[in-house]
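Enquirer: Need a 3D model of the following:
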Amino acid sequence: MIAITGGAGFIGSVLVWKLNQIGIQDLIVVDQHAQNNAKWGNLKDHHFQTYLESDDFIDRLESGQFDKKITAIFHMGGEYKWWALPATCSSVGGSVDMDSLTALAMGTGPVTKVIGCG
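Expert: Predicted coordinates:
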């Protein structure tokens, strides 16, 4: 399973589309309030397993719910100042600190890559 933060934004949704084009649909799209605004249209006709709000995603990572399920995280999200970050994940200048997200994700199982573009 691959998680894409900022997945409903323009760049994140293009990544979802491209992964779909090469046959990957086991995706978690993570964003903020995307289902209730125009960003949801970016995901029209895209295939993914589930959509999660960003704070729910971090909570699930921290609780170990994704143990051994997530193999990669594409951190495409630009602004995460509204995230309710756990103590293990710090916010730097309104964005999730990549080192903290990587440490949190690596502790959940076979995550081998956290790619930050946000």
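Enquirer: what residues are up against residue 49?
Expert: Listed by Cβ atoms under 8 Å, 6 or more residues apart in numbering, the contact partners of residue 49 are 1, 25, 26, 27, 28. Every C-beta, even on glycine, is put in place using the N, C-alpha and C of the backbone.
Enquirer: Next, it: phi, psi?
Expert: Backbone geometry at residue 49, expressed as degrees, to the nearest 10, gives phi -70, psi -50.
Enquirer: Distance check, it against residue 38.
Expert: Taking Cβ to Cβ, to the nearest Å as the measure, residue 49 falls 23 Å from residue 38.
Enquirer: Which stretches in the chain count as helices?
Expert: Assigned by DSSP state H, the chain shows helices spanning 10-21, 54-63, 98-106.
Enquirer: Does residue 2 touch residue 26 like I think?
Expert: Yes. Under the criterion of Cβ atoms under 8 Å, residue 2 makes contact with residue 26 at 6.9 Å.
Enquirer: If you count surrounding residues, which of those two has more?
Expert: Per other Cβ atoms under 10 Å, whichever of residue 2 and residue 26 has more neighbours is residue 2, with 22 against 15.
Enquirer: Just give the number of residues close to the nearest residue in space to the more buried one that is not next to it in sequence.
Expert: Leaving aside its chain neighbours, residue 2 sits nearest to residue 72 (4.9 Å; criterion: Cβ to Cβ, 6 or more residues apart in numbering). Residue 72 has 15 neighbours, counted by other Cβ under 10 Å.
Enquirer: What's the per-residue pLDDT of residue 72 here?
Expert: We have a pLDDT of 83 for residue 72.
Enquirer: Make residue 1 into 63 and carry on from there
Expert: Sure, I'll start counting at 63 from here, so that last one is residue 134.
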